[in-house]
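Participant: sequence and predicted structure, then a few things I'm wondering about:
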Amino acid sequence: MKKPLPAPTGVVVGGQARDGSCSAEVDGRAFVVLGTLPGERVDIQPRRRSRGKVMGIAVNVTEAADDRVEPTCEVAGVCGGCSLMHMRHEAQLELKSGWLREELGDVQPDHWLPPLTGPVRAYRAKARLGARYVEKRGEVLVGFREKFSGFVTDTRRCDVLAAPVGELVGPLRDLLGALDNPRCIPQIEVAALGDRAALVVRHLEALGDPDLERLESFAVQHALDVYLQAGGPDTVRPLPEHEFRTLTYALPEFDVSIEVTPGDFVQVNTALNRSMVSQVMALLDPGPADSVADLFCGVGNFGLAAARRAGSVIGSDLVASGIDRARANAVRNALSNVQFEVRDLMADGLHESWQISANKVILDPPRSGAAAVVPALVSSKVERVVYVSCNPVTLARDTAKLVAGGFRLVSAGIMDMFPHTTHVESVALLEREGH
């Protein structure tokens, strides 16, 4: 029988790590604690042991830090969807800005951009929620996973999910609990863009007619589109006798509207995305004489906006379905000066087989960064690069190489795409020396 994990009380925690946790040591044993802030005195509820450390959450704060606030969500202390909701929002921004400064190291910008901010509640337009049937309770849980646990958080609403999905967690639990086999649904992907929302229901066995009728009734009641997913992403299908319906979001400053499917990658914070596109365009400053390359373009989030101002735009990405969507959106917005191509921008030796002909570039790579693109930028005649990053580590790596290759880091700053989390979205402007 395993020895129970210790649950110490009155522990003063130390510094804060990049995952939002604070460190502590009790009787020679190391603890990693979520839900607390440096210097606080807390009671620790252990969750599991990992690599010689006890992972736990703060369940009682007897001495609070000045930056502590009361979370707006009643399960914030347990739910893994948010890790910083107990921290004053301004302090969250300061923390993330500090992390970006640290990662950039010796390559600091000429000036820092103020944090780009947006809504902090009901902001999340896309999410993957876990679903689990709990035998002992005879009911289904739906939500994000718990901190330091694979269990699904017990809640009936979510404070950060966009309307109407945030208030539908409880009804979704009831719906899945009423299915003939509620154990066969492991997850639900949600998307809420514009005036529509969609659910993609992953199922491990075929659903019978009664269950399909329950799903259809739920869709009608809540004005949702419901899709079924039997396997991988390519198995997503609408309910019987229904068709695929696109979701739409707008970039009003550029008179652009973008249609996507529930499975397409889009930025999760629609309001912040509008501000981000505006900021990127202001930094890039495209004009009629400019040619713009939108690298890792996705469905055309930046490229379509750039096409309103630049002479020409070429967007590149590996995901063919996203490129198809980008092309369709160009037609939809009557933009004839933009093209989109399928290209592997992560390929080894990319710079040996491909040349960038544009004079201005937008980079928005995945977390792994744009290592293969950097040599192509260095050897090109590109004058200006705006780099949008979801990982400060790879942004710092790529920026250092660009600076070593003849660029100057003009400005940088964070963008609050994921409030209450430790996710850091950032933007950097680089210009070739001499321009």
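Facilitator: That came through, no problem.
Participant: list the contacts of Leu84.
Facilitator: 20, 92, 95, 420-422 (CB atoms under 8 Å, 6 or more residues apart in numbering). (Glycine included, C-beta is placed from N, CA and C.)
Participant: the closest residue to Thr270 other than its chain neighbours: neighbour count?
Facilitator: Leaving aside its chain neighbours, Thr270 sits nearest to Ala125 (4.9 Å; criterion: CB to CB, 6 or more residues apart in numbering). Residues lying near Ala125 (other CB atoms under 10 Å) number 24.
Participant: Leu272 reaches Tyr123, doesn't it?
Facilitator: Yes: contact status for Leu272 versus Tyr123: in contact at 7.1 Å, counting by CB atoms under 8 Å.
Participant: show me where pLDDT drops low in the stretch 1-150 of the chain?
Facilitator: 1-2 (pLDDT under 70).
Participant: ends of stretch 371-388, how far apart?
Facilitator: 14 Å (CA to CA, to the nearest Å).
Participant: for the stretch 251-400 of the chain, just list every one of the helices.
Facilitator: 270-284, 303-307, 320-332, 350-353, 373-378, 392-404 (DSSP state H, counting those that start in this stretch).
Participant: and of those, who's closest to Gly150?
Facilitator: Among these, the nearest to Gly150 by CB to CB is helix 392-404 (26.1 Å).
Participant: ok, and what's touching the closest one?
Facilitator: By CB under 8 Å, 6+ apart, helix 392-404 touches 99-100, 103-105, 107, 365, 367-371, 374, 377-378, 385, 387, 389, 409, 424, 426, 428, 430.
Participant: contacting residues around the residue nearest the centre of the chain?
Facilitator: Nearest to the geometric centre of the chain sits Val268, at 5.6 Å (CA atoms, centre = their mean). Listed by CB under 8 Å, 6+ apart, the contact partners of Val268 are 123-127, 417-418.
Participant: try Ile185
Facilitator: Neighbours of Ile185 in contact, by CB under 8 Å, 6+ apart: 131, 140, 176, 179, 201-204.
Participant: now that we have the contacts of Leu84, which one has the most neighbours?
Facilitator: Busiest of those [other CB under 10 Å] is His420, holding 26 neighbours.
Participant: any idea how far it is from Tyr123?
Facilitator: Going from His420 to Tyr123 by CB to CB, to the nearest Å gives 9 Å.
Participant: then Leu350?
Facilitator: Distance from Leu350 to Tyr123, by CB to CB: 35 Å.
Participant: surely Tyr293 meets Ser316?
Facilitator: No Tyr there; residue 293 is Ala. Yes: Ala293 lies in contact with Ser316 (CB under 8 Å); the separation is 7.1 Å.
Participant: neighbour count for these two, which is higher?
Facilitator: Shown here are Ala293 and Ser316; by other CB under 10 Å, Ala293 has more neighbours (26 against 21).
Participant: mind listing what Ser426 touches?
Facilitator: 100, 388-389, 392, 395, 412-415.
Participant: err, Val11, not the other one
Facilitator: 24, 26, 31, 33, 41-44.
Participant: what's opposite it in the beta bridge?
Facilitator: Legend: beta-bridge partners of Val11 under DSSP bridges are Val42.
Participant: so which of the helices of the stretch 251-400 of the chain gets nearest Asp195?
Facilitator: Here helix 270-284 is closest among the helices of the stretch 251-400 of the chain (CB to CB), at 11.8 Å.
Participant: measure Lys381 to Ala310 for me?
Facilitator: Taken as CB to CB, the span from Lys381 to Ala310 is 16 Å.
Participant: okay, the two: which has more neighbours?
Facilitator: Ala310 (25 against 10).
Participant: residue contacts, the residue nearest to Thr270?
Facilitator: Shown in contact with Ala125 (CB under 8 Å, 6+ apart): 162, 191-193, 249, 266, 268-270.
Participant: looking at those, which is nearest Glu74?
Facilitator: Using CB to CB, the contacts of Ala125 come closest to Glu74 at Ala162, 19.2 Å.
Participant: anything in contact with each of His420 and Tyr123?
Facilitator: Val160.
Participant: make TSV out of the helices of the stretch 251-400 of the chain and add mean pLDDT.
Facilitator: Shown next, in TSV, are the helices of the stretch 251-400 of the chain (pLDDT from 0 to 100):
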stretch	mean pLDDT
helix 270-284	98
helix 303-307	98
helix 320-332	97
helix 350-353	88
helix 373-378	96
helix 392-404	98
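Participant: now Gly150. Its backbone dihedrals?
Facilitator: Gly150 adopts backbone torsions of phi -90, psi 0, taken as degrees, to the nearest 10.
Participant: distance of it from Lys401?
Facilitator: 38 Å.
Participant: which of the two has more neighbours?
Facilitator: For Gly150 and Lys401, the more surrounded residue by other CB under 10 Å is Lys401, and the numbers stand at 17 against 10.
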